[in-house]
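Colleague: only the shape, not the letters, is given here:
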């Protein structure tokens, strides 16, 4: 059943309201995409955080690598406070990591591949990678330590900045929507001034008149909000479908969880709530000038 | 019921439209308000139905000093006043029933109750056959009666009418006046602004006469201010 309520003001004759659903649809579309982008970035940062920040990689140069060197390093690492796990990476695994980047032919042409040892750190570990590398290279010369945290923290900072930027843009879109609703409501107040004056004279409370504008704003933004959210959902589904074919571990997956899809509904619902509140406050403020 | 004390009114920085207007209306009284065009009749009516606040002086309505009455109490006072506008101010997208029902809807009345009450009143003013007609399809006299029905539907204690007979012929004007007299007999205080001196003489009620922003109260039969 269509949501209908009898209003005293003939809003259907008000030309200025015709554009509001379109404006809201566009804003909800952009806002939903921006919000989804922020969610994807947030998911990616969380994923990086959980998989990489608690790890280091020890590299043993090809010319000194061997079971004896690996054994020495594993013993030294195992005895280091803050290290919870040490795993020598098998040569086949290291080879598999390089093939996507260099190709099978190059990797198998006698490339001097270093031996790798994967090190897992405790959550509260405070290990200086340079000091550790110096200590390890005293036993096995040329050993280096890759601390993922250094480059990852810069990447995470970039991700957080993108996330904040997305929410700032979302805020600007909301501000633009508020301005659009204010102008539409003011235009409505001018168009229906005679009837509003009549209702006021009959003893209508300001909230009675404001309620009619509020309901009208709800209907218009609901229409635009649903259209904008549906268009954004379609675009996100297309992105997710296209993204399925890309096999890149570091690229963020453009897919949302059920909870995130539900969270995305905040955008059209927020647009409706903001429009209703804006219309109400605009009318109440204007009517306060009447005696 | 209504008391004005040394009321003055000006719009912005313009000249005073009303000067030192003082009068009082007893409950159940019937007055005509006369004066030439531009004398301030409409402004005085607007002050009476609380569409304006005076720039000076005191207005007491229903035992309340309007100048100190909080704004949120004004709607309750306005609901006790019925107004018939010179240009009717009927809402053209509403039917006769809906127009008359508007004050009751504003007042939060129940739909079924409103409907019965409105239909009875429209029948009483002779429009029982045109309940669902839009104002644009009705004659001037019929629109006038809808405007009157709308003004009295809330059983106001004060009824103000601005030139209610201005757009109708003499025969209908007399019929409308009888309608006002019936409402007055039921206890409603009535003020009718009019240019129609014949009507004023015929019905013989006291007259509030505005002359260049100043008010003179005279009784029926006494000569108009400035007349010989």
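Modeller: Sure thing, it's come through. Quick caveat, the model's predicted, so the values are computed rather than measured. Residues are numbered from 1 along each chain as shown, chains lettered A, B, ... in the order given.
Colleague: residue A:47: what secondary structure?
Modeller: helix (DSSP: H, G, I helix; E, B strand; the rest coil).
Colleague: what ranges do the strands span in the stretch 1-150 of chain A?
Modeller: Along the stretch 1-150 of chain A, the stretches classed as strands by DSSP state E, counting those that start in this stretch are A:55-60, A:83-89, A:115-121, A:144-147.
Colleague: do you know which of the ones you listed lies nearest residue A:229?
Modeller: Among the strands of the stretch 1-150 of chain A, strand A:55-60 comes nearest to residue A:229, with 39.6 Å by CB to CB. Yep, even glycine has a C-beta here, placed from its N, CA and C like the rest.
Colleague: who does the closest one pair with, and is each partner parallel or antiparallel?
Modeller: Next to strand A:55-60 in the sheet, as set by DSSP bridges, lie strand A:115-121 (antiparallel), strand A:144-147 (antiparallel).
Colleague: may I see the buried residues of that strand?
Modeller: Along strand A:55-60, these residues count as buried under the neighbour rule (16 or more other CB atoms under 10 Å in any protein chain shown): A:55-56, A:58-60.
Colleague: same question, stretch A:272-287
Modeller: Of the residues in stretch A:272-287, those buried under the neighbour-count criterion (16+ other CB under 10 Å) are A:272, A:274-276, A:278-283, A:286-287.
Colleague: ok, back up a step: most tightly packed of the strands paired with strand A:55-60?
Modeller: Stretch with highest mean neighbour count among these: strand A:115-121 (a mean of 20; mean count of other CB atoms under 10 Å in any protein chain shown).
Colleague: and that one, average pLDDT?
Modeller: Here strand A:115-121 scores 89 as its mean pLDDT.
Colleague: now do stretch A:146-159
Modeller: In this model, stretch A:146-159 carries a mean pLDDT of 80.
Colleague: cool, stretch A:189-207 as well?
Modeller: 94.
Colleague: any idea which of the buried residues of strand A:55-60 the model trusts least?
Modeller: residue A:55 (82).
Colleague: distance of that one from chain B?
Modeller: To chain B, residue A:55 is 66 Å away according to CB to the nearest CB, to the nearest Å.
Colleague: my read is that that residue contacts residue A:123, right?
Modeller: No. Residue A:55 lies out of contact with residue A:123 (CB atoms under 8 Å); the separation is 11.8 Å.
Colleague: residues near the closest residue to chain B within the stretch 51-200 of chain A, how many?
Modeller: Of the stretch 51-200 of chain A, the residue with the smallest distance to chain B, taken as CB to the nearest CB, is residue A:198 at 5.4 Å. Residue A:198 sits with 21 neighbouring residues when counted by other CB atoms under 10 Å in any protein chain shown.
Colleague: nearest to residue A:134, of the buried residues of strand A:55-60?
Modeller: When the buried residues of strand A:55-60 are compared against residue A:134 (criterion: CB to CB), the nearest one is residue A:58, at 12.7 Å.
Colleague: nearest residue to the closest one in space, please, no chain neighbours.
Modeller: With CB to CB, 6 or more residues apart in numbering or on different chains as the measure, residue A:117 is the residue that lies nearest to residue A:58, at 4.1 Å, once sequence neighbours are left out.
Colleague: relative to residue A:96, how far out is that neighbour?
Modeller: Note on residue A:117: its distance to residue A:96, by CB to CB, to the nearest Å, is 17 Å.
Colleague: pick out the residue closest to the middle of chain B.
Modeller: Closest residue to the average C-alpha location of chain B: residue B:160 at 1.4 Å, with CA atoms, centre = their mean.
Colleague: that one belongs to a helix?
Modeller: No. The assignment for residue B:160, made by three-state DSSP, is strand rather than a helix.
Colleague: give the contact list for it.
Modeller: Residues touching residue B:160, when contacts are defined by CB atoms under 8 Å, 6 or more residues apart in numbering or on different chains, comprise B:45, B:48-49, B:81-84, B:190-193.
Colleague: return the subset of those residues lying in strands.
Modeller: Within these, membership in strands is found for B:81-84, B:190-193, as judged by DSSP state E.
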